[in-house]
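For reference, the sequence and a predicted model appear below.
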Amino acid sequence: MQLLPSPVSAIFLYAIAAAAVLIYLPFILVSYARARVGYDLYAPRAMFDKLPPYAQRATWAHQNSFETFMIFAAAALMAYITDVNSPTAVRAAIAFLVARFFYSVFYILNIPILRSLMFAIGCLSTATIFVLSITKATS
């Protein structure tokens, strides 16, 4: 029984899809908080100051997820295109996903040191995938 998809580089496509879903997890709390304070269809962004602190932090986590997603998606697509078949790259992709999940959790819970650690792990994971892809492409 094979646990990883064949070719292994297909895992990068799954990781991109999972990372896209992770963007919207914090927004569930934002939506809940907006409903509690009274959603304003005419000025949805203007209600930010009315949101409780946890929902404001969830908004920031949501916005940051868009920023990191673009870079990760580029790295993962490079790995897929160059057919990176490295367990290190797969671990880096999974580490990115786990770190981004906990980044949002720690941001919402207002634990800055752990949030920063998760951000750093995500960045290191993306950088690892870039380096392995470039190495593979140039070899």
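That came through, no problem.

Only C-alpha atoms from now on, for both contacts and neighbour counts.
OK.

what helices or strands is the helix-or-strand element of the chain with minimal mean pLDDT leaning on?
Ranking every helix and strand in the chain by mean pLDDT, DSSP states H and E puts helix 11-37 at the bottom, with a mean of 92. Identification of packing neighbours for helix 11-37 by 3 or more C-alpha pairs under 8 Å, 6 or more residues apart in numbering; DSSP states H and E yields helix 53-81, helix 87-108.

Point out where this protein drops to low pLDDT.
Low-confidence segments of the chain (pLDDT under 70): 1-6.

quick one on the thing from earlier: in the least confident helix or strand of the chain, what counts as buried?
Neighbour-count burial for helix 11-37 flags 11-12, 15-16, 19-20, 22-27, 29-30, 33-34 (criterion: 16 or more other C-alpha atoms under 10 Å).

picking that back up, between the helices and strands packed on helix 11-37, which gets nearest to F119?
Nearest to F119, of all those, is helix 87-108, at 6.3 Å by C-alpha to C-alpha.

so H62 touches L29, yeah?
No. H62 lies out of contact with L29 (C-alpha atoms under 8 Å); the separation is 10.1 Å.

Mind listing what's buried along the helix or strand where C123 lies?
Taking DSSP states H and E as the criterion, C123 maps to helix 112-138. Buried residues in helix 112-138, counted by 16+ other C-alpha under 10 Å: 114-115, 118-123, 125-134, 136.

now stretch 52-72
Judged by neighbour count using 16+ other C-alpha under 10 Å, the buried positions of stretch 52-72 are 54-62, 64-65, 68-69, 72.
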